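Engineer: Model the structure of this input:
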Amino acid sequence: MPRTRRKPRLRNMTEYTRTAGEAGHGQAATRRQVLAWGLWDWGSAAFNAVILTFVFSVYLTDSVGKDLPGGISASTWLGWSLGIAGFVIAVTAPVFGQRFDAAGRRKWSLGLLTAVTVTAMAAMYFVRDDYHYLWLGLVLLGVASVMSELAQVPYNSMLRQVSTQENIGRVSGFGWSMGYFGGIVLLLSCYAGFIAGDGDRRGLLDVPTAEGTNIRLVALLAAVWFAVFAVPVLLSVPEKPVTKADVTRHAGFVESYRVLWGDLRELWRTDRRTIWFLGASALFRDGLAGVFTFGAVLAVTVYGIGTGDVLLFGVAANVVSALGALLAGRVDDRIGPKAVIVGSLVSMIATGIVLLVVSGPGMFWIFGLVLCLFVGPAQSSARTFLARITPPGREGQMFGLYATTGRAVSFLAPTLFGFFAWWFGTDRAGIVGLLVVLAAGLAALLAVRSPEMSPRS
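Structural biologist: Numbers count the residues shown, from 1 in each chain. From the prediction side, this is the model:
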């Protein structure tokens, strides 16, 4: 009986990066493929902006769970459900990401995960305006959150397939902007068509509000939007070929974590600054995500902004964040990314403290938008910080770990938001949970040495 040949293992991540480079990934793509790739980001805004942030989550806390019996508010349950979803993402993302690459099934995985996300979004139509449906809504939101985040793994991995070393930044920025503008267009469409106005029927389409019909139809529209704009990337971008580097790193569930641990140990030996930055950025990026996740909920339940007007705030928040990121890029090139991130986090914490004591829609519009102004710069400069400390030829390794560590603590902000809201008996106190995460990220970042500014940066 012939012996089974044992698959060779790569000794470390450096060897993997070199071997993967030999396969010739990252070749130039057509503009059509770049557009198709960016359209997925445009479509995914249907979940991130409409479902998770500004419409459906607000509907769950302000309408469906309004008369929820017991001492725990719907907002607290929302925080805990998203915290559980974040924990599931943290546990599974490294394994799934590695298996997608090893099997050469990025596009297939993206299609499957997107389909499950769209299905969960469409099923939100059945969540009526009754607290008995709150649990269905929370489960569907949790499932969609997990699937949407996992879909980001193969999607982001495709970046090198639709770009070259010369234009990878522009292509990445194009996808980022498509997400912002897709969210703005869909939010305005939902507001005008289904939510604007008063009375029993809303919007230009004169949709009834009984049993939350207008919001349930928004969820259905969001599902269709995501599905339509996810198709082009599946048709235009070719599947990633399996390489020797992928085969030799193929591992099972437990072994995948051993490979990841080996990569981290190598980084600890060669460049500890990178490890510290990955940890710090994971913390403050989770805080940034929490600001957008719970901002709309707080706007309605604490500051008295109308359910319809919160969509207008969402549009303004996206525009302000995008402008902040564009302006910060120039500052980043002059004084470095660490200064931009530190300044942004300090400003956000100060603004959050003000929001703890002010009241009313006007104050939230002012300080809420000030808060959003610094979200984009912090996100943008975090990426450039890592790019500047990454040795040439190891960008894939570093940004892979960047994504993994970010998901590893993605449960912190939702969980702490829910804890403080429950502990103090008011949704306003949930802000403290977000500030704790931002402050922890800031403290960790202060201990990280700034990247050396060079002509190429």
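
Engineer: how deep is the nearest residue in space to residue 302 that is not next to it in sequence tucked in, by neighbour count?
Structural biologist: Leaving out its chain neighbours, the residue that sits closest to residue 302 by C-beta to C-beta, 6 or more residues apart in numbering is residue 428, at 4.8 Å. All C-beta spots, glycine's among them, are computed from the backbone N, C-alpha and C. Residues contacting residue 428 under the criterion other C-beta atoms under 10 Å number 18.

Engineer: contacting residues for residue 428?
Structural biologist: 298, 302, 356, 421 (C-beta atoms under 8 Å, 6 or more residues apart in numbering).

Engineer: again with residue 134
Structural biologist: By C-beta under 8 Å, 6+ apart, the residues touching residue 134 are 60, 64-65, 68, 74, 77.

Engineer: Who wins on neighbours among these?
Structural biologist: residue 60 (29 neighbours).

Engineer: which residues sit in contact with that one?
Structural biologist: 74, 78, 127, 134, 137-138, 141.

Engineer: now it: how far from residue 282?
Structural biologist: 27 Å (C-beta to C-beta, to the nearest Å).

Engineer: Number of residues surrounding residue 177?
Structural biologist: 16.

Engineer: State the next helix or strand along the chain beyond the helix or strand encompassing it.
Structural biologist: Assigned by DSSP states H and E, residue 177 falls within helix 168-190. Sequence-wise, the next helix or strand downstream of helix 168-190 (DSSP H and E) is strand 201-202.

Engineer: the helices in the stretch 251-400 of the chain, which residues?
Structural biologist: In the stretch 251-400 of the chain, the helices defined using DSSP state H, counting those that start in this stretch lie at 253-270, 272-301, 309-335, 337-357, 361-373, 375-389, 395-408.

Engineer: Can you spell out which helices and strands pack onto the third one?
Structural biologist: Spelled out, it's helix 309-335. Applying 3 or more C-beta pairs under 8 Å, 6 or more residues apart in numbering; DSSP states H and E, one finds that helix 309-335 makes contact with helix 168-190, helix 272-301, helix 337-357, helix 361-373, helix 375-389.

Engineer: For the ones you listed, please prepare CSV with the additional fields mean pLDDT and distance to residue 448.
Structural biologist: Output for these, formatted as CSV (pLDDT from 0 to 100; distance: least, C-beta to C-beta, whole Å):
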stretch, mean pLDDT, distance to residue 448
helix 168-190, 77, 22
helix 272-301, 87, 5
helix 337-357, 92, 7
helix 361-373, 90, 24
helix 375-389, 77, 8
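
Engineer: mind putting those helices in TSV, distance to residue 437 included?
Structural biologist: Putting the helices and strands packed on helix 309-335 into TSV (distance: least, C-beta to C-beta, whole Å) gives the following:
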stretch	distance to residue 437
helix 168-190	22
helix 272-301	4
helix 337-357	10
helix 361-373	14
helix 375-389	13
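
Engineer: what about the ones you listed, which gets the closest to residue 219?
Structural biologist: Taking C-beta to C-beta, helix 168-190 is the member of those nearest to residue 219, at 9.7 Å.

Engineer: For residue 372, which residues are in contact?
Structural biologist: Shown in contact with residue 372 (C-beta under 8 Å, 6+ apart): 291, 295, 316-317, 320-321, 324.

Engineer: go on, residue 59?
Structural biologist: Neighbour list for residue 59: 127, 129, 137, 212, 215, 307 [criterion: C-beta under 8 Å, 6+ apart].

Engineer: Sort out for me which of these are in helices.
Structural biologist: Among the contacts of residue 59, the ones falling in helices (DSSP state H) are 137, 215.

Engineer: Now restrict the contacts of residue 59 to buried residues only.
Structural biologist: 127, 129, 137, 212, 215, 307 (16 or more other C-beta atoms under 10 Å).

Engineer: circling back to that earlier point, quick one: which of the contacts of residue 59 has the lowest pLDDT value?
Structural biologist: Least confident of the contacts of residue 59 in the model: residue 307, at 70.

Engineer: Look up how far residue 128 lies from that one.
Structural biologist: 16 Å.

Engineer: circling back to that earlier point, show me the one of the helices and strands packed on helix 309-335 that comes nearest residue 151.
Structural biologist: Going by C-beta to C-beta, the one of the helices and strands packed on helix 309-335 nearest residue 151 is helix 168-190, 13.1 Å.

Engineer: How about residues contacting the closest one?
Structural biologist: Counting by C-beta under 8 Å, 6+ apart, 26, 34, 37-39, 41-46, 48-50, 54-55, 159-160, 162-163, 218, 221-222, 225, 229, 311, 314-315, 318-319, 321-322 sit against helix 168-190.

Engineer: Ok, stretch 197-206 next?
Structural biologist: Under C-beta under 8 Å, 6+ apart, the answer for stretch 197-206 is 191-196, 207-210, 214, 308.

Engineer: end-to-end on that stretch?
Structural biologist: Using C-alpha to C-alpha, to the nearest Å, the end-to-end distance of stretch 197-206 comes out at 10 Å.

Engineer: How far does that stretch sit from its chain's centre?
Structural biologist: Put simply, stretch 197-206 sits 32 Å off its chain's centre (C-alpha atoms, centre = their mean, to the nearest Å).

Engineer: out of everything not next to it in sequence, what's closest to residue 80?
Structural biologist: Nearest one to residue 80, counting by C-beta to C-beta, 6+ apart, is residue 418 at 4.6 Å.

Engineer: What mean pLDDT does stretch 427-438 get?
Structural biologist: Averaging pLDDT along stretch 427-438 gives 92.

Engineer: how about it: buried residues?
Structural biologist: 427-438.

Engineer: List just the nearest of the residues you listed to residue 255.
Structural biologist: Nearest to residue 255 among these is residue 437, at 31.7 Å by C-beta to C-beta.

Engineer: Residue 279 against residue 445, yeah?
Structural biologist: No: look at residue 279 against residue 445 with C-beta atoms under 8 Å: they stay out of range, at 9.4 Å.

Engineer: re the thing from before, just put the contacts of residue 59 in a markdown table and tack on distance to residue 88.
Structural biologist: Shown next, in a markdown table, are these (distance: C-beta to C-beta, whole Å):
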| residue | distance to residue 88 |
| --- | --- |
| 127 | 21 |
| 129 | 28 |
| 137 | 18 |
| 212 | 27 |
| 215 | 26 |
| 307 | 29 |
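
Engineer: re earlier: tell me which of the helices of the stretch 251-400 of the chain sits nearest to residue 122.
Structural biologist: helix 309-335 (20.4 Å).

Engineer: Show me the shaky parts of the stretch 101-250 of the chain.
Structural biologist: Across the stretch 101-250 of the chain, residues meeting the criterion (pLDDT under 70) sit at 101-104, 160, 164-173, 240-250.

Engineer: Mind jotting down where the strands sit in it?
Structural biologist: 201-202, 207-208 (DSSP state E, counting those that start in this stretch).

Engineer: Check these for me and report the most buried one.
Structural biologist: For the strands of the stretch 101-250 of the chain, the largest average neighbour count (mean count of other C-beta atoms under 10 Å) is found in strand 201-202, namely a mean of 18.

Engineer: That strand pairs with which strands?
Structural biologist: Under the criterion DSSP bridges, strand 201-202 sits next to strand 207-208 (antiparallel) in its sheet.
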